[in-house]
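Q: coords please:
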Amino acid sequence: MTKREDHIPEPPITVYQQLAFPRGSGPAPRGVLARFRVYLPDQPGSLAGFASAIALAEGNISFFHYDRSLDSSRVAAEARFPGEAALDGLKASLEERSYLAEPAPAAQQEIFVTAAESVLEIKVRLANRPGMLAAFAELLASHRANVIYMLYNEVLDPESADIAMATASPQEITALLQAINERGYHYRVVYRGSGEQEAANIIGLKLVEKFFLRLKGLLPASDLAGIQSIVESSGEIYQDLVQFATEAGNDLEAGDVYETVLTFASRSRSSIGDKFHTVAMGQLDFPGSVTLTGFRLPTSENIYLFRHGDELTLIDAGHGIYYDDVKKLLRARGMDPARVTRIFITHPDTDHVGMAGYFEEEFGTAIFMHAESASVMENMNRAHGASGGLLNLNKYYTRLSSRFTECRFPAHPQYFASNPGATIGGFVVIDSFSIGPLRFDVLESRGGHTPGLAFFLNREFGLLFTSDYLLNAKSLRPEDKEHLSLYRYLLTSPNRDSRIYREETAALKAMMLTLGRELSVHNGNAYIFPGHGDYYAAASLEEK
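A: Model (predicted):
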């Protein structure tokens, strides 16, 4: 058996063709054609230093490619030299600058480009002779322009290069263009950044910078101070997202995921304070002076408020970013937020649990939820325990959503007893609780949507809180529906197991239709309180 040899990586400089350079009528001296793999610091002047080193070695570049969005330091190049002695001198120069040593991978991508207005892309004519690229690169360096993309290919066009760069300010771009004109270069502007241009169109930007610029354009100016920490959060999961895209086996870029989540994030972060708004649903009154009112928050999720004497109880808690606004909402309606003594959580998605930790911390509010919610919160993954590659993206969504919407999971939740008892409509009753004289059974989900999901059912008055089942889509605005379609764009499903979810939906519908018929004998009605959209009479399920 032959011992397998370890793979030997390609050297950073490879001489792969001996050349003869004709010079007048005399004999043709021998030359070499070499290709390079070098690593330049991601900073102004790096390209100028590399090109100048080649020029000093009498090299003439025939191919050059650098795309900072793919690798912020790696450059692929090819050049012709008079002989191997010149190439050896260049190699020593590059080693002295540490340009041949591959840098250790960064734990997190750094952000250099912070304004689209400071980015310029041009197509410039450069004479095909040694030193021309070096001279142009030195001009860019003198204006502190950092090259973020460059492509020169002698085969395609021996006197044209595409170069994108980032400067310190838009004013520096103006000064740079003036200097290029004064030096007599012929060029065409391909892109000059503006606030109206999508950051995704800027060639050479890292995904994390596109993310930053897009976020900067979406958020109100008053919130810009928090952008950096959010971007750092994206940096932590950047490689995971890229890996996901690779495993998915399609052309999705991680940036597409960012763009979709940003649309939702910008809505939540730009709908606070003076721009906070709710849709209040009709109040229901029950014996024992108990009232129930539902409120739809700006990103479509509902919270339900029971008022019984001086005590307030919430079903679900919405995104954490709305906490201060929800407190103001309660006070405006004559209720003290400190009276919210209990919150019952249907499931641990950030739009249903996000405020719970704030109430717990400030007022000592008791938070009740299913025991399996613990694994979701601990692992920051709304689909924890599920299988299948596409479902892995739920982890990234949970982490981004939590940071954007300032989710605060409860530190000390109380879990439902999980003592299986009777079944109702095919769902196991694991616990119960009361709000005033109203008694609710806690029905355990079979796991179709997320782990740790429960339904709350009051059979006496026919009240069922369904979380993200049996939604009232007709009552939602177009932007609400767009938010709920988020997972379609993430190439995954909002449900942990779509087959089980469909079975549960059918079972809930059948259960409430049966309960509604039973209550109608005594002129009663059954009502469904979904996590999104207005509550509605169960009888309307006949039409769905």
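Q: quick one: which helix or strand includes residue 216?
A: helix 207-218 (DSSP states H and E).
Q: element containing residue 501?
A: helix 498-520.
Q: just checking: what are the partner strands of the very next helix or strand once past that helix?
A: Using DSSP H and E, the next helix or strand after helix 498-520 towards the C-terminus is strand 527-530. Counting by DSSP bridges, the strands paired with strand 527-530 are strand 463-467 (parallel), strand 536-537 (antiparallel).
Q: doesn't residue 176 make contact with residue 145?
A: Yes. Counting by Cβ atoms under 8 Å, residue 145 touches residue 176, with 5.9 Å between them. (Glycine included, C-beta is placed from N, CA and C.)
Q: tabulate the strands paired with strand 527-530 (JSON lines), appending mean neighbour count.
A: JSON lines is the format used below for those (neighbours: other Cβ atoms under 10 Å):
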{"stretch": "strand 463-467", "mean neighbour count": "25"}
{"stretch": "strand 536-537", "mean neighbour count": "16"}
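Q: which of those sits closest to residue 205?
A: Closest of the strands paired with strand 527-530 to residue 205 is strand 463-467, at 39.3 Å (criterion: Cβ to Cβ).
Q: now do the closest one, average pLDDT.
A: On average, the pLDDT along strand 463-467 is 97.
Q: just the CA atoms of it, as CSV, please.
A: Extracted C-alpha coordinates of strand 463-467, given in CSV (Å, rounded to 0.1, in the frame of the first residue of the first chain):
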residue,chain,number,x,y,z
LEU,A,463,-61.7,31.4,24.1
LEU,A,464,-58.7,29.9,22.3
PHE,A,465,-55.3,31.6,22.1
THR,A,466,-53.6,30.0,19.1
SER,A,467,-50.3,31.9,18.8
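Q: use 570 as the first number for this chain going forward.
A: Got it, the first residue is 570 from now on, which makes the last one we talked about strand 1032-1036.
Q: got a list of contacts for that strand?
A: Applying Cβ atoms under 8 Å, 6 or more residues apart in numbering, the contact partners of strand 1032-1036 are 861, 873, 884-885, 915-916, 921, 1007, 1009, 1018, 1022-1027, 1077, 1080-1081, 1084, 1095-1100, 1107.
Q: give me the distance from it to the chain's centre.
A: When distances are taken as Cα atoms, centre = their mean, to the nearest Å, strand 1032-1036 is centred 30 Å away from the chain's centroid.
Q: any chance of the strands paired with strand 1096-1099 in CSV, plus distance to residue 740?
A: Shown next, in CSV, are the strands paired with strand 1096-1099 (distance: least, Cβ to Cβ, whole Å):
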stretch, distance to residue 740
strand 1032-1036, 53
strand 1105-1106, 58
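Q: how far off strand 1032-1036 does the helix holding residue 1070 point, in degrees?
A: 160 degrees (axes from the mean of the first three to the mean of the last three Cα atoms, to 10 degrees).
Q: the helix or strand where residue 837 lies: what's the following helix or strand?
A: Assigned by DSSP H and E, residue 837 falls within helix 823-838. Sequence-wise, the next helix or strand downstream of helix 823-838 (DSSP H and E) is strand 848-849.
Q: and the helix or strand just after that following strand, what does it pack against?
A: Helices and strands here follow DSSP H and E; after strand 848-849, the next one along the chain is strand 853-855. Packing partners of strand 853-855 (3 or more Cβ pairs under 8 Å, 6 or more residues apart in numbering; DSSP states H and E): strand 859-865.
Q: in the strand it packs on, what's buried?
A: 859, 861, 863-865 (16 or more other Cβ atoms under 10 Å).
Q: ok, now stretch 922-938?
A: Within stretch 922-938, the residues that count as buried by 16+ other Cβ under 10 Å are 922-929, 934-938.
Q: same question, stretch 1099-1113
A: 1099-1105, 1107, 1110.
Q: dump those residues into JSON lines; add pLDDT and distance to residue 1001 as well.
A: Shown next, in JSON lines, are the buried residues of stretch 1099-1113 (pLDDT from 0 to 100; distance: Cβ to Cβ, whole Å):
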{"residue": "1099", "pLDDT": "96", "distance to residue 1001": "21"}
{"residue": "1100", "pLDDT": "95", "distance to residue 1001": "21"}
{"residue": "1101", "pLDDT": "92", "distance to residue 1001": "26"}
{"residue": "1102", "pLDDT": "91", "distance to residue 1001": "26"}
{"residue": "1103", "pLDDT": "95", "distance to residue 1001": "27"}
{"residue": "1104", "pLDDT": "96", "distance to residue 1001": "21"}
{"residue": "1105", "pLDDT": "95", "distance to residue 1001": "25"}
{"residue": "1107", "pLDDT": "94", "distance to residue 1001": "21"}
{"residue": "1110", "pLDDT": "88", "distance to residue 1001": "25"}
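Q: wait, which of the residues you listed is closest to residue 629?
A: Of all the buried residues of stretch 1099-1113, residue 629 sits closest to residue 1101, with 64.1 Å by Cβ to Cβ.
Q: quick check: bridge partners of the closest one?
A: residue 870.
Q: I'd say it and residue 1037 touch.
A: Yes. If you go by Cβ under 8 Å, residue 1101 and residue 1037 touch, sitting 7.0 Å apart.
Q: now stretch 911-931: average pLDDT?
A: Here stretch 911-931 scores 96 as its mean pLDDT.
Q: before we move on, the earlier item: and the buried residues of strand 859-865, which is closest to residue 671?
A: Nearest to residue 671 among those, with distances taken as Cβ to Cβ, is residue 865, at 53.1 Å.
Q: can I assume residue 603 sits in a helix?
A: No. Looking at residue 603 with DSSP: H, G, I helix; E, B strand; the rest coil, it is strand, so not inside a helix.
Q: what about it, how many neighbours?
A: Residue 603 has 22 neighbours, counted by other Cβ atoms under 10 Å.
Q: how near is it to residue 689?
A: Computed as Cβ to Cβ, to the nearest Å, the residue 603 to residue 689 distance reads 31 Å.
Q: before we move on, what about residue 628?
A: 27 Å.
Q: residue 1068 too?
A: From residue 1068 to residue 689 the distance is 53 Å (Cβ to Cβ).
Q: compare neighbour counts for the two and give me the winner.
A: Neighbour count, other Cβ under 10 Å: between residue 1068 and residue 689, residue 689 has more, with 25 against 9.
Q: check the gap between the more buried one and residue 639 for me.
A: The spacing between residue 689 and residue 639, counted by Cβ to Cβ, is 20 Å.
Q: can you classify the closest residue to residue 846 other than its chain neighbours as helix, strand or coil?
A: Using Cβ to Cβ, 6 or more residues apart in numbering and skipping the chain neighbours, the partner closest in space to residue 846 is residue 867 (6.0 Å). Taken by three-state DSSP, the conformation at residue 867 corresponds to coil.
Q: next, count neighbours for residue 867.
A: Neighbours of residue 867 under the rule other Cβ under 10 Å: 24.
Q: same check, this time on the one 5 residues further on
A: Other residues within reach of residue 872 by the criterion other Cβ under 10 Å amount to 23.
Q: next one: residue 947
A: Residue 947 has 10 nearby residues by other Cβ under 10 Å.
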